[in-house]
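>>> just coords:
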């Protein structure tokens, strides 16, 4: 039985991993619509395979890479349900029961503004949990479509979407919880090589964290409570 939730999955140069993500989400039988956005990957192979294997899934391809936020914004144009589930395209070990628990929790409690699916099995779990990046920067979250549309009324550059969503929730006094999610997603070092991942992604992110009062506030105070099943 489907619920009033659409799922948007952006991806860029992820090989065939998005196919496995979509296949698992379909088996959950909890989503009204699945929208996959190829954010201008260097080849069309994954896009074409998605179109062929999943004819009932909305698959979009952008002509050039615009960044995660822009890809989700394009996917949002095709959504119609009350809630949006955001999922990354490189996930492995998606446990359907965990996903169903998160969906049921927010559907049955309309006073909740957002549930963040906390990556409890990150490889860098000690550092990630200390800085709470497994919560505040998690790409897996469920929120209301109208809130996400309002967030996109302001320009979001590149990959700052999670921080922008958190800021919106704080400013609008939304109730936000986290729930455990056993997925693993590849770090940039694993995708692009250790040196490139550190210099182009890891180091700028760390510098941004140390210099941003907003991120420091989110780390210390945002989404401290776990939602119970």
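Perfect, I can see it now. Treat the numbers as computed from the prediction; the structure is a model and nothing was measured. Numbers count the residues shown, from 1 in each chain.
>>> contacts, neighbours, all on C-alpha from now
Fine.
>>> the helices in this structure, which residues?
Taking DSSP state H as the test, the helices found in the chain are 17-28, 45-53, 68-76, 96-107, 125-131, 133-136, 145-151, 161-171, 188-192, 194-196, 203-211, 213-221.
>>> now mean neighbour count and mean pLDDT too, for those, in JSON lines please.
As requested, those are exported to JSON lines (neighbours: other C-alpha atoms under 10 Å; pLDDT from 0 to 100):
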{"stretch": "helix 17-28", "mean neighbour count": "17", "mean pLDDT": "96"}
{"stretch": "helix 45-53", "mean neighbour count": "15", "mean pLDDT": "97"}
{"stretch": "helix 68-76", "mean neighbour count": "21", "mean pLDDT": "96"}
{"stretch": "helix 96-107", "mean neighbour count": "17", "mean pLDDT": "96"}
{"stretch": "helix 125-131", "mean neighbour count": "13", "mean pLDDT": "65"}
{"stretch": "helix 133-136", "mean neighbour count": "22", "mean pLDDT": "89"}
{"stretch": "helix 145-151", "mean neighbour count": "16", "mean pLDDT": "98"}
{"stretch": "helix 161-171", "mean neighbour count": "18", "mean pLDDT": "95"}
{"stretch": "helix 188-192", "mean neighbour count": "13", "mean pLDDT": "49"}
{"stretch": "helix 194-196", "mean neighbour count": "13", "mean pLDDT": "48"}
{"stretch": "helix 203-211", "mean neighbour count": "12", "mean pLDDT": "52"}
{"stretch": "helix 213-221", "mean neighbour count": "14", "mean pLDDT": "89"}
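>>> list the contacts for the residue nearest the centre of the chain?
Nearest to the geometric centre of the chain sits residue 139, at 2.6 Å (C-alpha atoms, centre = their mean). Contact analysis of residue 139 by C-alpha atoms under 8 Å, 6 or more residues apart in numbering lists 86, 87, 88, 162.
>>> quick check: residue 117 vs residue 139, distance?
Distance from residue 117 to residue 139, counting by C-alpha to C-alpha, to the nearest Å: 8 Å.
>>> reformat the helices of the chain as CSV; add distance to residue 182.
Output for the helices of the chain, formatted as CSV (distance: least, C-alpha to C-alpha, whole Å):
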stretch, distance to residue 182
helix 17-28, 14
helix 45-53, 24
helix 68-76, 22
helix 96-107, 8
helix 125-131, 12
helix 133-136, 11
helix 145-151, 25
helix 161-171, 19
helix 188-192, 19
helix 194-196, 24
helix 203-211, 24
helix 213-221, 21
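>>> among the ones you listed, which is nearest residue 178?
Closest approach to residue 178 among those (C-alpha to C-alpha): helix 133-136, 7.2 Å.
>>> residues making contact with the closest one?
The contact list for helix 133-136 (C-alpha under 8 Å, 6+ apart) reads 116-120, 122, 128, 162-163, 166, 178, 218-219, 222-223.
>>> between the helices of the chain, which one is nearest to residue 37?
Of these, nearest to residue 37 by C-alpha to C-alpha is helix 68-76, at 6.1 Å.
>>> now the two most distant members of the contacts of helix 133-136.
122 and 166 (20.5 Å).
>>> what's the spacing between residue 148 and residue 121?
Applying C-alpha to C-alpha, the value for residue 148 to residue 121 is 27 Å.
>>> ok, back up a step: give me the local confidence score for the residue nearest to the centre of the chain.
Residue 139 carries a pLDDT score of 94 in this model.
>>> got it, and the one 5 residues further on?
Residue 144 is assigned 98 on the pLDDT scale.
>>> I'm done for today, thanks for sticking with me.
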